[in-house]
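Novice: no letters, just coordinates:
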């Protein structure tokens, strides 16, 4: 995958690495902004409330 | 030119250190190599061999078997997955705090502004606050904590914004407000991530002050007791007379709940306190916030 991307980037090695860096930053931004906030509630961390319905229904 | 430079470089190096005599003979061969190099591509036999070798390499690259390609793909997948997981840890432990502190700071200053505009009056009923709405600021001077308190304990609406949530009955138990004649003002906050206002709440000692600032008053509580761990289903800890707190009769109490052990949600840590002072805003800050 990565060699394929590298081969298909335009320009010489410098331009390629610059574009690659921008791509990496874009991916990290997407992860932090959209993917992780979406995934977080699905994981069983950070429940801090008490609730009579037990673990599962501990307030969303 | 290139022939001159190594010599001029070699001279000063030779002069201060007479010990390194054997250096010049080493330099000469490298010099010769360098001079010959540019001529190499021009001479026919070397270039052809080079081209043939490149073609062979390309052919070999093209002929990668499916096994090799699949292995490489799986390897890349795992590397990517590992990187994403590391990024997720960074997101949880660092970025959520950055965001939550910003949001909580904004909420606190918004509260201050609205209080300044509203003028003096009496604190109102709990029913007037909608879920997610901030209505007070919590101070724990011993832990250097200052966090806005909002109605409800919804994660997305309240807790994940760095605020402390008041159990207000939205799908869970409802508890009293500080200005109620009697009752238990129960709060929930994150122990880790998202501003982690209750990170060190386990370090509170009996007598430590917990101050709640509202539109019209400062309510000062004193920490009295702590339950190191209890089941998440144990709602009796936020009863008007909390079970396990040592309180026996109705009064004006505060309860802080958070998760324990740190970084997990297995149990809940509970801290109780009782009100020791109600001070109208007009009389200024309580001693706990002044010193």
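Specialist: Ah, there it is. Remember, it's a predicted structure, so these values are computed and weren't measured experimentally.
Novice: what sits closest to residue B:97 if chain neighbours are left out?
Specialist: The shortest distance from residue B:97 to any residue other than its chain neighbours is 5.9 Å, reached at residue B:195 (CB to CB, 6 or more residues apart in numbering or on different chains). The way it works is simple: take the backbone N, C-alpha and C, and place the C-beta from them, glycine included.
Novice: that neighbour reaches residue B:101, doesn't it?
Specialist: Yes: using CB atoms under 8 Å as the test, residue B:195 is close enough to residue B:101 to be in contact (5.5 Å).
Novice: for the chain, which segments count as helices?
Specialist: Reading this off chain A. All helices of chain A, identified by DSSP state H, fall at A:2-8, A:13-30, A:36-39.
Novice: to clarify, I was referring to chain B.
Specialist: Using DSSP H, the helices of chain B run over B:4-14, B:23-36, B:44-62, B:66-90, B:96-118, B:287-290.
Novice: least reliable of the ones you listed by average pLDDT, please.
Specialist: Mean pLDDT across these is lowest at helix B:4-14; the value there is a mean of 47.
Novice: please identify which residue in chain A comes closest to chain B.
Specialist: In chain A, the residue that lies nearest chain B is residue A:47 (3.9 Å; CB to the nearest CB).
Novice: next one, pLDDT for that residue please.
Specialist: In this model, residue A:47 carries a pLDDT of 73.
Novice: what's the neighbour count on it?
Specialist: 23 (other CB atoms under 10 Å in any protein chain shown).
Novice: what is the neighbour count of the closest residue to residue B:249 other than its chain neighbours?
Specialist: Residue nearest to residue B:249 in three dimensions, not counting chain neighbours: residue B:241, with 6.8 Å by CB to CB, 6+ apart. Under the neighbour criterion other CB under 10 Å, residue B:241 is assigned a count of 15.
Novice: again, but for residue A:32
Specialist: When neighbours are counted by other CB under 10 Å, residue A:32 registers 17.
Novice: surely it and residue B:96 touch.
Specialist: No: distance between residue A:32 and residue B:96: 9.7 Å, which falls outside the contact criterion (CB under 8 Å).
Novice: right, and chain A sits closest to which residue of chain B?
Specialist: When CB to the nearest CB is the measure, chain B has its nearest residue to chain A at residue B:265, with 3.9 Å between them.
Novice: give me the below-cutoff pLDDT ranges for chain A.
Specialist: Applying pLDDT under 70 to chain A flags residues A:46, A:52-60.
Novice: and the nearest residue to residue A:45 once chain neighbours are set aside, how many neighbours?
Specialist: Leaving aside its chain neighbours, residue A:45 sits nearest to residue B:265 (6.0 Å; criterion: CB to CB, 6+ apart). Neighbouring residues of residue B:265 were enumerated by other CB under 10 Å; the total is 19.
Novice: just checking, residue B:265 touches residue A:50?
Specialist: No: assessed by CB under 8 Å, residue B:265 is found out of contact with residue A:50, at 11.5 Å.
Novice: who are the contact partners of residue B:186?
Specialist: Residue B:186 is in contact with B:166-167, B:173, B:175, B:238, B:254-255, B:257, counting by CB atoms under 8 Å, 6 or more residues apart in numbering or on different chains.
Novice: just residue B:195 next, same as before
Specialist: B:96-97, B:100-101, B:103-104, B:147, B:161-163 are the contacts of residue B:195 under CB under 8 Å, 6+ apart.
Novice: now swap in residue B:206 and tell me
Specialist: For residue B:206, the set of contacting residues under the criterion of CB under 8 Å, 6+ apart consists of B:222-225.
Novice: which of those residues are buried?
Specialist: B:222-224 (16 or more other CB atoms under 10 Å in any protein chain shown).
Novice: give me the distance between the residue nearest to residue B:249 and residue B:176.
Specialist: For residue B:241, the distance to residue B:176 equals 11 Å [CB to CB, to the nearest Å].
Novice: could you do residue B:57 as well?
Specialist: As for residue B:57, its distance to residue B:176 is 78 Å (criterion: CB to CB).
Novice: do the same with residue A:23
Specialist: Counting by CB to CB, the gap between residue A:23 and residue B:176 amounts to 54 Å.
Novice: for residue B:132, which non-adjacent residue is closest in space?
Specialist: Distances taken as CB to CB, 6+ apart place residue B:157 nearest to residue B:132, at 3.7 Å, with adjacent residues excluded.
Novice: tally of neighbours for the one you found?
Specialist: By the other CB under 10 Å criterion, the neighbourhood of residue B:157 contains 19 residues.
Novice: doesn't residue B:134 make contact with it?
Specialist: No: under the criterion of CB under 8 Å, residue B:157 lies out of contact with residue B:134, with a separation of 10.7 Å.
Novice: now do the shared contacts for the two.
Specialist: The overlap between the contact sets of residue B:157 and residue B:134 (CB under 8 Å, 6+ apart) consists of residue B:150.
Novice: where in the stretch 151-291 of chain B is pLDDT low?
Specialist: Screening the stretch 151-291 of chain B residue by residue with the criterion pLDDT under 70, one finds the ranges B:170-172.
Novice: circling back to that earlier point, residue A:23 and residue B:176 - which one has more neighbours?
Specialist: Residue environment comparison for residue A:23 versus residue B:176 gives the larger neighbour count to residue B:176, 20 against 12, counting by other CB under 10 Å.
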